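K.L.:
Give me a model of this one.
(3 chains)
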Amino acid sequence: MKKKSKVEKKENEKFAAFKRAVSDFFYNLSVKVHGKMPHKQAGATAIGLKKRNDMIFYCLMMLFPVAQFCTFYIAVNLNSVILAFQSYDTLTGVHSWAGFDNFKLVFYNLFNDPTMLYSAKNSLILYACGLVVGVPLALWFSYYIYKKKPLFRVFKVMLFLPSIISAIAMSVMFTYFAERAIPQLLKLIFNKSFEGLLSGSKTAFGTLVFYSIWIGFGTGILMYSGAMNSISDSVVEAAQIDGIGMIREFFSITIPLIYPTIVTFLVVGVAGIFTNQMNLFSFFGPNAENSLSTFGYYLYKNTQTASFSDYPYLSSMGIVMTIVAVPLTLLVKYLLEKFGPSTD
Amino acid sequence: MENNTEKNKNFVSDESASGDRSVSCEKQVCAADAALAEDVFIEKKTSVKQKRKFNFSILMLILGIILVLYSVSLVLPIIWGMICSLKTKADFRTNVFGLPEGWPWNWAWENYESVFQTFMIPVESGAGTRNVYFLEMMWYSILYAVGCSFAATFIASVVAYLVAKFPYKFSKIVYTVVIVAMILPIVGSLPSEIQMARALGFFDHIWGLWLMKANFLGLYFLVFHGVFKNIPQEFSDAAYVDGAGNLTVLFRIVYPIIKNTFFTVMLLNFIAFWNDYQIPLIYLPSFPTAAYGLYWFTSASLNTNSNVPMKLAGCMIVLVPILVLFLFFSNRLIGNITIGGLKE
Amino acid sequence: MKKMKRWLGLSLMAVFAFIISVSSVACRGGANGGIKIDPNRTQLYVSSHAGGFGSDWLTAASARFEEYYKDTSFESGKTGVQIIPDTPKTIGTGLLADIKNNRNNVIFTESVYYYDYIAAGAMADITDIVSGENSDLTEYGDNGGNIEGKLTEQQIAYYKTSDNKYYGVPHYAAFMGIMYDVDLFDEKMFYFADNENNGNDGFIIRANDKRSAGPDGKYCEVCAANGYDYSNHVCDDGLPATYDEFVKLCDYIAGAGVTPLIWSGENHADVFGKFMAQLAADFEGDEYALNFSFSGEATHLVDSIDADGTVHYKPATQITNANGYELYSSAGRYYAIDFVEKILSKSTYHHDFVFNVTHSHMDAQDDFLYSKDEDKRIAMLIDGNWWENEADSTFADMSNGNPNDPNSRQSRRIGYMPLPKATEEQVGEGETLTDFLYSMGFINVNSCDTPVKLDLAKKFLKFVNSQQSLEEFTVLTSSPKSLEYEMSDESLAKMTYFGKSMWNTRESANVVYPYSTNSLYLNHQSDFVFQSGFQSKLNNQIVTDISKKINDEHISAKEVFEGIIAYRTAEQWAANYASEIN
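P.N.:
Next up is the predicted model:
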């Protein structure tokens, strides 16, 4: 037999210990579940039996997903949460309890650090543009496809194309096009030198927002046109017999009927305020101008260059964002449902 | 019209094929339910919509024009990129817009040749280092993307099914966890994630990545949840009455009904994994995928392949396979997926 | 419609098939790629970051190391060493995340947070070969001495931990600077004459006119004797001595139909961030280290600036952690911005693409080199000293790989321009460089599990820091390493013109390293390493990318400088570094 190296052995021990922990956990869990389950009684009805079977089925099927979640989400991220309450000294390598110091600094910077202020502004503008331009366009486009107007198949493919193409390839092509081809074209037309769309300080932000919307139709179109297709034909037929026009139909039948889908999409999008990088990293690397920053970019860039002593601050910032994001999400959901069209 | 019947055929034949492996009575149940399901779920393309009475509408005309412009704006950079990928370095410096210099057979086809030669990643192997070239990368890409997309889609759908159909308290918890996890930004968890992957022996194995990606978090959980919520209980109840177990119901009744959604979500996941380079970069050092190769290639700090035409040629090479796949499946992709509202 | 799509699909399939067949042909050539393990030798795994400095130096050092130990047995049944090189792209935290499973025994990399690596237990203790019992370098051809002897006091203070241990050795040096095309300067006579009133704006009329003394303030005797023949001699005579002269030179060059300057548009923020830090360091001298140590006396703090640019200084101020923000008002910073403002004052001073997002550093190098055969030549490039090694393949392309071709790396003469001085008074003060890459060589801690590997790894790390290896590195990369050593005439003779001029500047310069063991610095490294020290508050906006701002809106250096002071307030400093101040 081959002699195993120390490292390997250690690894195996760790693995075994971990396995034991996991299996203990599930054993305990199943004992608990069994304890809660209605015990088989004499003369139990078929329904009671079914309930028991349901429970067993449920537990068995949930077993792997929950275990997976516990290891690769909770266990892995726990560290990050604990860090938020610590401080770290680089010279000695000692972590010490810092209470809410990191959070205090996050709040201070939230109102004083210009990059954070820009990030907040830009992230909100980006979300708003998506809301005001992106979503309505996606809805109208979906409607066009749903109504099977000329060339709808081609457009369907086109609108989804950017989601297919590798983000690297897409941004490489777009950057060169915006920076080399367009200025050259303008030069030919106006006989004057022009800056690239991303280089020009006046055009950069607009271009980034445009790009986000421009390549971002895919999933929206997919969801909306899917929802529209599941609208019952009898409703549409009835309306058309009444002589309703296209626009009326869109606003008073299509939109109300797919409204739950729209809400879901927008509510999930709220999280995007805190995670969207606006493709800044692919265009500018870590050197994007302050005034273009978003929350997502700020966090990503700083984690890329972080030293150990930065982690506590960054992870407390993550937690602060979550604390802001959850109520905001609920608020958006509440508002959308309250002021949305009724579905009758 | 023809589309519908085709789908219809597919549906039935699929069903009978799989039915062969089951008990005959179940087969009947399935076929009956499938037919029922089809009535409810498959969009009917006949009826009013189909009667093209040339419903001319200015709105649709405008939408059509916008969509044409959109398509042009999308195709233009890609075509421009294609043309430029056939220019020599010197040609591109002076001739940004035109066709490559000379006749087509004089164009810089050698860009592609040298991209193929330089498009490689050295990986460690037991016997030293080994260069992995494009073809092998494609193979790893397929293994990685197919496996991960199946795992992620399957787990998300199973958990969504359990949550949607079994009203335990735990289901509510899972639902909340999904929503919160979508919003919560996580920082600095990479080292612990790698440690975990190492401890479980997942690191640098493609199957390990399948298991790591087999989680239920994300938008697609909501998609499946919505779909399952919309399936009337009668289908499964009928099967239960016939004595079918939970597993039978799930795989023989429910999955056939949602197979379009399943396929679509899986394809979407597939595209995401296909284009992902960050995860293979970290977790699969011995199995570089094509997207990782492209990243490696475009970020090269050697002058040989850093010039614009070569970078564009590299993009084209990665772009084409996925484009082919997409054009084949585009019909399946759009119009089969719906997402419901968020419940309380 | 359907048919069309099917055809389209088929044709795309055909393209795909074609690509696969082409790639399989291409693959055949590469089937033998990679390295085979030699079972009769002991293997040592060495990685060198795939950056601008390349890995030729590693190949050369490995070959000599293997040769040196070819008859020595380290393991029973094996004789000699085989070095397996690796050139990863991952650096910094990415490298650290999984280092304990990294196969490489010796790692040369950059952007290292040294104390984080130590805390993570990533590096093996190498005190014995740096300063301890096994540190004598005589076995590798040195005249005694050890690695510690090749470090400056500042380096020792940083690398030697509080318990007197070493875990890493500095690797290559990176300086931001101006490269100038000597061939072009000679041809067009872009040199200052000693006689300012010679009727040609102070520029020489004939090649052998007496030239000005340059930034070092001394006339070169060799040049005067051989009629300013720079073919084999590096000298600063005739080069601009002050910022004003530099601008005058740009005017003169532009007037001759040549583009004076180019730099990478994609990286302009980074280029200028580092270049301005370099200019500030050159002005401040040793005091520049205060920015990292926060202890000592600052004598260049600005009190006010007159409209005509006259600077009034504050009395000397003691800097501590509590008032570190005061350093942002140092005159070095002001003059650095002043220089940038000057070179951005006219669009004729620079190439069109210097702010273009797609214009990579390699594009800039290419433009600079290729312009030799184009209508519009480019006189100077702002880049790091690694540029020449990075552009190696462009030289090879232009010369068809023939070292005797006039376009080869060996033949073309491109010089590292000694930095002009901010003011007349500073001319002759000597240059201060700052090395910003935090590059390092160390031994992976997991080598400790195998004594044979650890022993070999230590030998190799020592070996690459021997006199011969240091010289070889400098010859191959045209760049110095971050250690103190001399170059023999023999090695100098092998170097390119650029290498010689870089070495010439480095040899006579004072080097300040951007680190210290001050807790304020160490616990906020990313702030001082990655954040621009030139962020400025202008019209209530905080601008990071000030070069672009100056270029777009022609803001004066004075305004930018005052904006920096307005941004770096005592309050902001106290809030961010509260725990370090008390």
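K.L.:
Low-confidence stretches in chain C?
P.N.:
Residue ranges of chain C with pLDDT under 70: C:1-34, C:582.
K.L.:
any idea which helix or strand carries whatever residue of chain A ends up closest to chain B?
P.N.:
Nearest residue of chain A to chain B: residue A:260, at 2.8 Å (CB to the nearest CB). Every C-beta, even on glycine, is put in place using the N, C-alpha and C of the backbone. Element membership for residue A:260 (DSSP states H and E) is helix A:255-275.
K.L.:
From the contact counts, what lies against the next helix or strand after that helix?
P.N.:
Moving toward the C-terminus from helix A:255-275, the next helix or strand (DSSP H and E) is helix A:280-284. Using 3 or more CB pairs under 8 Å, 6 or more residues apart in numbering or on different chains; DSSP states H and E, the elements in contact with helix A:280-284 are helix A:167-176, helix A:295-305.
K.L.:
Enumerate the positions of helix A:280-284 that are buried.
P.N.:
For helix A:280-284, the neighbour count (16 or more other CB atoms under 10 Å in any protein chain shown) marks A:280-284 as buried.
K.L.:
what ranges do the strands span in chain A?
P.N.:
A:86-89, A:94-97 (DSSP state E).
K.L.:
For residue B:144, give me its contacts.
P.N.:
B:206, B:209, B:273, B:280, B:284, B:287, B:289 (CB atoms under 8 Å, 6 or more residues apart in numbering or on different chains).
K.L.:
Can you list the residue ranges for strands in chain B?
P.N.:
B:120-125, B:128-133.
K.L.:
Read off the pLDDT value for the closest residue to chain C within the stretch 101-250 of chain B.
P.N.:
Ranked by CB to the nearest CB, the top residue of the stretch 101-250 of chain B for proximity to chain C is residue B:131, at 3.3 Å. Looking at residue B:131, its pLDDT reads 80.
K.L.:
Excluding sequence neighbours, find me the nearest residue to the most centrally placed residue in chain C.
P.N.:
By CA atoms, centre = their mean, chain C has its centre lying nearest to residue C:174, at 2.1 Å. In space, and not counting its chain neighbours, residue C:174 is closest to residue C:437: 3.9 Å by CB to CB, 6 or more residues apart in numbering or on different chains.
K.L.:
so is residue C:304 in a helix, a strand, or just coil?
P.N.:
strand (DSSP: H, G, I helix; E, B strand; the rest coil).
K.L.:
which one is it nearest to, not counting chain neighbours?
P.N.:
In space, residue C:304 is closest to residue C:312, 4.9 Å off (CB to CB, 6+ apart).
K.L.:
Buried residues of the host helix or strand of that neighbour, list them for me.
P.N.:
According to DSSP H and E, residue C:312 maps onto strand C:311-313. Neighbour-count burial for strand C:311-313, counted by 16+ other CB under 10 Å, picks out residue C:311.
K.L.:
neighbouring strands for it, and are they parallel or not?
P.N.:
strand C:302-305 (antiparallel) (DSSP bridges).
K.L.:
who touches the partner strand?
P.N.:
Taking CB under 8 Å, 6+ apart as the rule, strand C:302-305 contacts C:311-314, C:329-331, C:334, C:558, C:561-562.
K.L.:
Got a quick ChimeraX command for the buried subset of those?
P.N.:
Selection of buried members from those for ChimeraX, criterion 16+ other CB under 10 Å:
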select /C:311,314,329,330,331,334,558,561,562
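K.L.:
So which of the contacts of strand C:302-305 is the closest to chain A?
P.N.:
Nearest member of these to chain A, counting by CB to the nearest CB, is residue C:562, at 16.3 Å.
K.L.:
who touches that closest one in this structure?
P.N.:
residue C:305.
K.L.:
separation between it and residue C:568?
P.N.:
To residue C:568, residue C:562 is 11 Å away according to CB to CB, to the nearest Å.
K.L.:
helix, strand or coil for residue C:218?
P.N.:
Going by three-state DSSP: residue C:218 is coil.
K.L.:
now it, nearest residue through space, not along the chain?
P.N.:
Closest to residue C:218 by CB to CB, 6+ apart is residue C:428, at 7.1 Å.
K.L.:
how much space between the one you found and residue A:187?
P.N.:
For residue C:428, the distance to residue A:187 - CB to CB - is 46 Å.
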